[in-house]
Each structure stands twice: as structure tokens, then as C-alpha cells.
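K.L.:
just to be clear, the model below is a prediction. Sequence and coordinates:
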Amino acid sequence: RAFSTRFSNEATMFRPRRLALAVFITALPVLFSAAIAQDFPARPITLVMPFPAGGPGDAMARTLAAALGNVLKQQVIVDNPAGASGTIGSNKVAKSRPDGYTLLIMNTGMATAPALYRALPYNVMTDFEHIGRVADMPMTIVARNGFPANTLKEFVAYAKTNGPKLTFANAGLGSAAHLCALLFMNMTQTEFNEVPYKGAAPAMIDLVGGHVDLLCDQTSTTSGQIKAGTVKTYGVTARTRVASLPAVPTLDEQGLSGFEALSWFGLWAPKGVPKPVLDKLVTALQAAVVDPAFKNRLGELGGAPVPVSLANPESLRTYVKSEIDKWTPIIRKAGITAD
């Protein structure tokens, strides 16, 4: 009985110590995450842009990399593992170590991949940490010089009788240019002969050369040609006019009510990045989108950063879901798959 009493007393004495140890062990992940966040970033960050260097997406990535680098006081290096409509680079990020040192900047293709790929190796909504929306890049529908129609109304009328004979170029299957063409055909009840290219640059070269009839692409690709008079333009695909092309009306104001096709950009990290690190990245993005240098450079490209109120995880998550809901039925109606 004496032994039992002594054991009981010793157990009672050690109970607070065990409790304190348990509390300490439970708190270790939080303490570790906080320590990581305090030092983050301690080395260069890789920003994956899953499209070729030199294209409109690459210009956006390098502009954002410079802005983020200034805020985080660390170099942000752009990596271009291009291919498969951006899914190769996106998958690379999804499978990367979740430490905040590998990020993804991706466009509208993030929302169209689930419909285009039957065996997509990642889940857009659950395999990434959503950081925030970055910017919107309007598009324009342009035609080769010498194309018969001079206005959007004439273009639609001409397309209804000649559509299958007309070549509508795009920057690749599932690209924003491709989606713009699909939406246009869907809303005008027309049909074209679609011609995919490996990027916007070669598509524009062939349009200027008169080898294809039409193209819908980002203002960063089309603005220079529009201003130079080497292409015809039928309108801007955003709901409002573009500051760099003030004389070009929107498709919406010309009668295609509700037409909107943007090449939008968001920022992601692999799933599992510690919250303190993620919070730092969100804060850095919010500082970047209000940076005058970032805004001015995007203006030169024909785009604009999102308001700071949209540069956050919940806004991006909600927007991606709405874009998936918008584009999935259009892609499925067209019967298009990429694998």
C-alpha cells in the first residue's frame, strides 16, 4: 500500500510535466512554421510561367517577378517549362516542395484544363494554395488587311455565310485565343476553320502575312499591329475599352451583349505551404498590384493589375470556380479534348 501511495504521488507530480511536454510537442509545428516565415525568403524564389519565353504570358511573369522581388527583397527567377497548354509547368508546381520557394503564375488555362484534359495529373482546386488574382489582359479580334468586312456587324454577317471557308488562328489548343474564338462562334452561331499555332507570335506573323484570316489574342500581341495599321480590328473583348486603344470599341457595346473573354492571371503555390509563409506571399502580391511601376508596365502591354481587394486567396478560388463553370460547357459543346 505504501508503494502504491508513493507511486500515485509520483505520478501526480509528473503529470504537469507530461502535460507541458504534450503542449510543447503540439505547438512544435506552429513554432516551426513561424520560424520559417520569419526567415522567408532566405534564397531566390522560382516563378513558373508554363508558356514559352518571349510570349505575352512570359512578359506578365517577368513584370510580376520584378515587383515581387522588390517587396520580398529577394530575387524571383522566371522558369518556362512550356508544353501541353501550360499543364506541364502547372503539374511541376503542384508536385513541388510546399515551402513557398516555387510559385505558379498561370492564366485562363487554369480553368479550362479540367475540361480539356481527361487525365489531368492534378486537381486545380485542391492541389494548390491559391494566393490571389494578379491582372487582367483584354483581347482584340483582328483580321488580315484586305479582309472583306470593315465593321463587326459586317464581319458577323459575312461569317454566317462564309464561316467554314475562313481561317481563325489561335495560339494553341486551350489557349485564351482559342477560347475567345470558341466564345465568339458560340455567341454569333457561326463556324470557322480553326488553325492552332505554337504560340501567339507565329499566329500573328501569318495573319500580317495574309496566310490566315482572323485572330483573337491579347492586346500585348495585337496592339502594336493595330496602331501600325497592319491588321483590321473588330473590337475589344473586355467589358470596357482599353486605355492603350481608346478608339477601339468593345464587342459588348457593338451589340454582342455580355461578351467577355480575358486572359486573366493568378498566382498559386503547392498545397501545404505553411500559413505564415502563404500570408507573406499574399501580402507581397497585394503590394505588387499597387506598385506604380507594375501598373505602368502592364499598361504598356494593354492590361491592368486587379484591385488590391481581389489579390487574395478567396477571390482567386471563387473566380477560378466561376471560370471553370463558364468554359466547361463551351469546350464540351465543341467536342474538344487535349489528351
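P.N.:
Right, received. Where do you want to start?
K.L.:
could you pull out the strands for the stretch 201-339 of the chain?
P.N.:
Taking DSSP state E, counting those that start in this stretch as the criterion, the stretch 201-339 of the chain carries its strands at 214-218, 231-236, 263-270, 304-305.
K.L.:
next, the contact list for residue 246, please.
P.N.:
Taking Cβ atoms under 8 Å, 6 or more residues apart in numbering, we find residue 246 in contact with no residue. Placement of C-beta: from N, CA and C, glycine included.
K.L.:
against residue 302, how distant is it?
P.N.:
Using Cβ to Cβ, to the nearest Å, one obtains 12 Å as the distance from residue 246 to residue 302.
K.L.:
same check on residue 82?
P.N.:
For residue 82, the distance to residue 302 - Cβ to Cβ - is 22 Å.
K.L.:
any idea where the strands of the stretch 51-200 of the chain begin and end?
P.N.:
Counting by DSSP E, counting those that start in this stretch, the strands of the stretch 51-200 of the chain are 76-79, 102-106, 128-137, 139-144, 167-170, 193-196.
K.L.:
buried deepest among those strands, which one?
P.N.:
Of all those, strand 102-106 carries the top mean neighbour count, a mean of 27, counting by mean count of other Cβ atoms under 10 Å.
K.L.:
name the residues that touch it?
P.N.:
45-50, 57, 60-61, 64, 86, 89-90, 92-93, 96, 128, 131, 134, 265-270, 281.
K.L.:
tally of neighbours for residue 244?
P.N.:
18 (other Cβ atoms under 10 Å).
K.L.:
what's the answer for residue 323, then?
P.N.:
Other residues close to residue 323 by other Cβ under 10 Å number 19.
K.L.:
OK, contacts around the closest residue to it other than its chain neighbours?
P.N.:
With sequence-adjacent residues excluded and distances taken as Cβ to Cβ, 6 or more residues apart in numbering, residue 323 is closest to residue 111, at 3.5 Å. Residue 111 is in contact with 124, 320, 323, 324, 326, 327, counting by Cβ under 8 Å, 6+ apart.
K.L.:
and residue 111, how far is that from residue 55?
P.N.:
Distance from residue 111 to residue 55, by Cβ to Cβ: 19 Å.
K.L.:
rewinding a little: okay if I get the strands of the stretch 51-200 of the chain as a markdown table plus mean pLDDT and distance to residue 40?
P.N.:
Listed next are the strands of the stretch 51-200 of the chain as a markdown table, based on pLDDT from 0 to 100; distance: least, Cβ to Cβ, whole Å:
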| stretch | mean pLDDT | distance to residue 40 |
| --- | --- | --- |
| strand 76-79 | 98 | 13 |
| strand 102-106 | 98 | 12 |
| strand 128-137 | 97 | 14 |
| strand 139-144 | 97 | 36 |
| strand 167-170 | 96 | 40 |
| strand 193-196 | 94 | 41 |
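K.L.:
could you dump those to CSV with distance to residue 153?
P.N.:
Listed next are those as CSV, based on distance: least, Cβ to Cβ, whole Å:
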stretch, distance to residue 153
strand 76-79, 42
strand 102-106, 35
strand 128-137, 26
strand 139-144, 13
strand 167-170, 18
strand 193-196, 22
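K.L.:
which among those is found nearest to residue 257?
P.N.:
Nearest to residue 257, of all the strands of the stretch 51-200 of the chain, is strand 139-144, at 15.9 Å by Cβ to Cβ.
K.L.:
list of residues touching that closest one?
P.N.:
By Cβ under 8 Å, 6+ apart, the surrounding residues in contact with strand 139-144 are 149, 155, 176-177, 180, 184, 207-208, 210, 212-219, 222-223, 225-226, 231-238, 242, 245, 248, 251, 261-263.
K.L.:
cool, and stretch 305-316?
P.N.:
With Cβ under 8 Å, 6+ apart as the test, stretch 305-316 has contacts from 129-136, 266-268, 278, 282, 285-286, 288-290, 294-295, 298, 319.
K.L.:
go with 6 Å
P.N.:
130, 132, 133, 135, 266, 285, 286, 289, 290, 295, 298 (Cβ atoms under 6 Å, 6 or more residues apart in numbering).
K.L.:
go on, stretch 69-80?
P.N.:
With contact meaning Cβ under 6 Å, 6+ apart, stretch 69-80 is reached by 41, 44-49, 53, 61-62, 65, 68, 284, 287.
K.L.:
and those residues, which two are the farthest apart?
P.N.:
The largest separation in the contacts of stretch 69-80, counting by Cβ to Cβ, is between 53 and 287 at 25.9 Å.
K.L.:
and those two? Which one has more around it.
P.N.:
A side-by-side neighbour count of residue 53 and residue 287, using other Cβ under 10 Å, places residue 287 first with 17 against 14.
K.L.:
contacting residues for the more buried one?
P.N.:
With Cβ under 6 Å, 6+ apart, residue 287 has these contacts: residue 71.
K.L.:
that one and residue 311, how far apart?
P.N.:
Using Cβ to Cβ, residue 287 is found at 9 Å from residue 311.
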